[in-house]
Every structure is written in C-alpha cells, then in structure tokens.
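Participant: Build me a model:
(2 chains)
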Amino acid sequence: MWSGFRRYATYRQATIAGSFTNIVFGFLRCYVLLAVAAGAVGNRPGGYDVEQLATYVWVGQGLLAVTGIWGWTELADRIRTGDIASDLLRPVPPVVSYLAADLGRALHGTLTRFLGPVLVGLLFFPLASPHRWQTFPLFVLSVGLAVLGSFGCRFLVNATAYWLQDARGPQMLWTLGSGVLAGLYFPLRLLPEWLTVTLWVATPLPGLLQTPLDVLVERDSPALQAGLVALQAIWAVLLLWLASVVQRRAERKLVVQGG
Amino acid sequence: MGELRAYAALAGGKWRSMLSYRASFAAELLSNVGATVLDVVTVFVLFRATAQIGGFTLAEAILMTGLTAFGFVLADMTVGNIDDLKRYVRTGQLDTMLTRPLPVLPQLVFTDLPLRKLLRLGFGATIYGIALAVNDVDWTVARVLLAAVVPVGAALFFGAIFVLTASFAFWWVESGEIGNGFTYGGRDFTSYPITVYSNWFRDLFAYTLGFGFVAYQPALALLGRTDPLGLPAWAGYVSPLVALPAVAIATAVWRTGIRHYRSTGS
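Facilitator: Just a heads-up that it's a prediction; the model follows:
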C-alpha cells in the first residue's frame, strides 16, 4: 500500500495538472447545473437545492481522483506484455496486491487531489454544510466503499485482457459508461425514477460517486441513506469476490505472452 | 508521390494492427460514437428539469451542441492523437520521427489514424443537420454559407487548441491532463449557451480564449436572435474567422516547440 502511495507522490506536477483540469470541469458543470436550477420547478431539479447542487459538483470533482474510476490500465498492460508472469510468482494473490496498491493511490488522492476542487468551490459558490451528526462518518464510510467498488470494476475490466489480449475496447466502454452512470455528468436523480432505481440496484456504478455525494448533501432521509450505503457494501463485496473468481479462472487458461 | 506512399504505409499499418483485435476494435467504435451520443443525451436529460437553460430552448441549445460535436470530432479525428506527444517526448520516441524525411505533425496523425471515430463524425453531422431542420431558421444566402462554414471553422479552432495544448509537452513533459481542460473543457463550454456561465469565467473562455465564437455566436446568427450579452448581430457571421489567428498561433508555438526539443538523452 505504501509503495502505491509513494509511486503517485513522485509525480507532483501531474497532481497539479490533474487538479487544474478537475477545477475547470467543476466550473463548467456547476454553472450548467445552476442554470438548470434557475429554470426548474421550485429551483430544485432532481430534489437538490442550489447549494446542494454546487456541493455535489465540487466534492464530486474532488472525489474523482480518490475513487479513480478512470485511467488504470496497468493490469491489462502487464497481461498483454507478459509481465503478469512475475506477479503470479509472488506469494500474494494478484487481487490482494493490486488492491493494496490501489488503496495507497486512493489515500494519495485524498490527501492531494480532494481538497483543491472543494476549496475552489467554496470560494466561488455557496456550498451546503451537513446538518446531521451521522453524515460525516457515513460519508467517509461511503467513500471507502466507493474506492473498493471502483477497484473491483476496474480489475474486471482489465482482466478482459486475459481473454482479448487487447483490453482497449472494454476500457473505453468502461470510461464512457462509468462517467455518466456514476453520476458525474449530471446527478442521476434527473433521470426518470424507474431508471434511477434500476441503475442503483442492478449496477454498482451509482455507488462509485453518486451515493457518497448524496450522503454528503443529505439528499435523503437518514434511513434511506444508510440503506444506500449498505447497497454499496453489498456491491463492493460482490465485485471483489468476482474479481478473485475471474483471476483464478484466468490463471488456469493463461498463456504468457512474449519470449 | 513518394511522400504520399509513406503516409499510406503508416496508415495501412495502423489499419492492419486494428483489425487483428476485432472485438476490441468493435468496442472502440461503439464507445466512440457513444461519447458523443452521451453529450447529446445529457442535454436532453437537463432539459427534462427545465424548459429553458440560460434563456434558450432545447432546440436552440441542441444547435450549439450539434455544431460543437461536429466540429470537435472533425478536429479530434485529424489531429486529436497529438495528445500522445507527451508520451513520445517522455520516452524519446519523437527522435525516430525527427530522423524521417517527413514533417512530424502529419506523421503523428497518420501513425494513429482514428478510423474508429468515423461513426462518431456521422453522428455529430446528423445532430447538426437535425438541429438546423427543427429550428425555424429564416434561410438567406448568407445563412446557408454560414451554416456550411461554421463546422469547418469550429474544427480548425479545436484543431488549433489540440496542437497548442499538446505543445506544452515540449516545455513541460509532465503537463499531464492540463490540456484536457482546454480541449474537452472547451468542447463542454461551447456545447451550451454561454449565458449560463458568469463573470470572469465566461470572459476568459468565451472572449479571451475565443470559445464563444465557435458555436454560440454563429448559432445566434443562424437563429436570428440578438445576443443577450450585447455583441452586435454581425459578430455571428464573422465568428468563424476566429479560427485563423488560433491556427496561426498554434503553428508558431508548434514550430518553436519542435526547435526547442532536445530529446531525452537516452
């Protein structure tokens, strides 16, 4: 885990560059959603008031680097080049060692990339502050589960390379689907209700971003919030289990590339 | 002729390498068109909650979104891969390109000719066409000309932004995602009426960087609407010209960058 942390800490300039981009998109998304709110019934599109929307956007931009849904191709690359063979020689199962490295990455993201967008949002827009005592611990728990869920999904996407050799296609589909269905482009509550509920129950994606953000802005009653986090937990366990099953199946058929 | 054959060989090699991973290629084709479909779907989703955004109706906003999508994909298809320049600079692979008797920019374009983006281009053009049809445009000769020129102007402008932001890598190898803020960020900016943004943020992107003239001002001219932000009506007709200084600046920066490049020393 520490090696994962140190590895990301080496690229300080990339950290700054990434934060800059998160902040630009924060402005873009925030202005558009606030313009939607200005014309919506009671100025509450999807049941969020203006402050909740702004908080949703800015904390969401900060969380992007924590859950890290995009840009992890290491496993797929190692499968394609055959480097995966050296991972299999280690005494730790690959799912565990990659998960540990990913937790280090998430910790680094929390310490460096999370605060920038949130501070900029606070400076330029009115943000909502939580009223209930349990919101903060529930938010931390929800973010942790989002990190686990995100890792599980990305591991599975990368693992398609065991069968396809080149995982670029599945990776692009993932980048595309995860952004919108995790609630990054717009809060999923703007969709028809049956679709929102289906997404929440049938896919792990809302749990990667939308759930922690809804918890933080206190969109729902305390009981429903706890329920959503529990759903996140079920998905996280399921995904990690699936990842280890897929890995074991892959090891049985794997032909290592290269000489 | 010899040069053309060399480019054809580069593109042909790329074509064959893509066909060897068919499943992946199909998924790439799909997710590429999907990205633009999602941009349009997002606009529809937002309009479910409200009748107007920034004082514009859904049909009017879709005209800006379609125009942006068409122009952006056209630019992305041709020079979008220049994003990879930072990888070439970091690893020193750019040296290989410099030793060949061909200019570097076309080489970068042809070694990764993104045929997977063709479907997306068709989709962008279709949305633009539909938007022109559903809006009640009062067609004059000037508007027909404008409608034809605007996507080209937008493509040139986005192309210039791609080259400019990629050139950062010559001076700052770890520039990472900064370029995305201007390329993809610029695309998101021009996909909506610029009346939704405010203060210095709008001034910076719309007028200083010029993104306001890519889709918003031309769309006003096509729709025959006066600009709520106060620019005169003729501004929309001349706005495709903003591509010219953008291309000139991008070319100058690119040339300076290539001359500044000192390899990795490995």
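Participant: what residue is smack in the middle of chain B?
Facilitator: The C-alpha lying nearest the average C-alpha coordinate of chain B belongs to B:Phe72 (CA atoms, centre = their mean; 2.8 Å).
Participant: Would you agree it is in contact with B:Phe157?
Facilitator: No. Because the distance of 9.4 Å does not satisfy CB atoms under 8 Å, B:Phe72 is recorded as not touching B:Phe157. C-beta: built from backbone N, CA, C; applies to glycine.
Participant: quick one, strands of chain A?
Facilitator: With DSSP state E, there are no strands along chain A.
Participant: got any ranges where it has weak pLDDT?
Facilitator: A:255-259 (pLDDT under 70).
Participant: any idea which helix is longest in it?
Facilitator: helix A:222-253 (DSSP state H).
Participant: Show the contacting residues for the residue nearest to the centre of chain B.
Facilitator: Contact analysis of B:Phe72 by CB atoms under 8 Å, 6 or more residues apart in numbering or on different chains lists B:Gly124, B:Ala154, B:Ala155, B:Phe158, B:Arg187.
Participant: before we move on, what about B:Ile127?
Facilitator: Counted by CB under 8 Å, 6+ apart, B:Ile127 has contacts B:Thr36, B:Val40, B:Ile62, B:Thr65, B:Gly66, B:Ala69, B:Phe70.
Participant: Over to A:Pro91: give its phi and psi.
Facilitator: Main-chain torsions, A:Pro91, degrees, to the nearest 10: phi -70, psi -20.
Participant: burial count for it?
Facilitator: 5 (other CB atoms under 10 Å in any protein chain shown).
Participant: Spell out which residues of the stretch 1-150 of chain B are next to chain A.
Facilitator: B:21, B:23-28, B:30-32, B:34-35, B:38, B:41-42, B:45-46, B:48-54 (CB under 8 Å from any CB of the partner chain).
Participant: Please check the residues you listed and keep the buried ones.
Facilitator: Among the residues of the stretch 1-150 of chain B next to chain A, those buried by neighbour count (16 or more other CB atoms under 10 Å in any protein chain shown) are B:21, B:24-25, B:27-28, B:30-32, B:34-35, B:38, B:42, B:45-46, B:49-50, B:52-54.
Participant: one step back: dump the contacts of B:Phe72 into JSON lines; add neighbour count, pLDDT and secondary structure as well.
Facilitator: Shown next, in JSON lines, are the contacts of B:Phe72 (neighbours: other CB atoms under 10 Å in any protein chain shown; pLDDT from 0 to 100; DSSP: H, G, I helix; E, B strand; the rest coil):
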{"residue": "B:Gly124", "neighbour count": "28", "pLDDT": "92", "secondary structure": "helix"}
{"residue": "B:Ala154", "neighbour count": "31", "pLDDT": "95", "secondary structure": "helix"}
{"residue": "B:Ala155", "neighbour count": "22", "pLDDT": "94", "secondary structure": "helix"}
{"residue": "B:Phe158", "neighbour count": "29", "pLDDT": "95", "secondary structure": "helix"}
{"residue": "B:Arg187", "neighbour count": "27", "pLDDT": "93", "secondary structure": "helix"}
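Participant: With respect to chain A, which of those residues is nearest?
Facilitator: The closest of these to chain A turns out to be B:Arg187 (CB to the nearest CB; 9.8 Å).
Participant: Identify the residues contacting A:Gln52.
Facilitator: By CB under 8 Å, 6+ apart, the neighbours of A:Gln52 are A:Ala128, A:Val217, A:Glu218, A:Arg219.
Participant: ok, now with 7 Å
Facilitator: A:Ala128, A:Val217, A:Arg219 (CB atoms under 7 Å, 6 or more residues apart in numbering or on different chains).
Participant: Redo the contacts of B:Phe72 as a markdown table? Include distance to A:Gln210.
Facilitator: Output for the contacts of B:Phe72, formatted as a markdown table (distance: CB to CB, whole Å):
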| residue | distance to A:Gln210 |
| --- | --- |
| B:Gly124 | 28 |
| B:Ala154 | 33 |
| B:Ala155 | 35 |
| B:Phe158 | 31 |
| B:Arg187 | 24 |
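Participant: of all those, which comes closest to A:Leu240?
Facilitator: B:Arg187 (36.0 Å; CB to CB).
Participant: Tally up the residues packed near residue 99, please.
Facilitator: This is for chain A. By other CB under 10 Å, neighbour count at A:Leu99 equals 22.
Participant: wait, I meant chain B there
Facilitator: By other CB under 10 Å, neighbour count at B:Thr99 equals 7.
Participant: Please report the number of neighbouring residues for residue 169.
Facilitator: You didn't pick a chain, so chain A it is. 22.
Participant: try chain B instead
Facilitator: B:Ala169 - counted by other CB under 10 Å - has 25 other residues nearby.
Participant: Does it fall in a helix, a strand, or a coil region?
Facilitator: helix (DSSP: H, G, I helix; E, B strand; the rest coil).
Participant: can you pull the contacts of B:Tyr192?
Facilitator: So B:Tyr192 contacts A:Val32, B:Ile53, B:Gly54, B:Ala61, B:Met64 (CB under 7 Å, 6+ apart).
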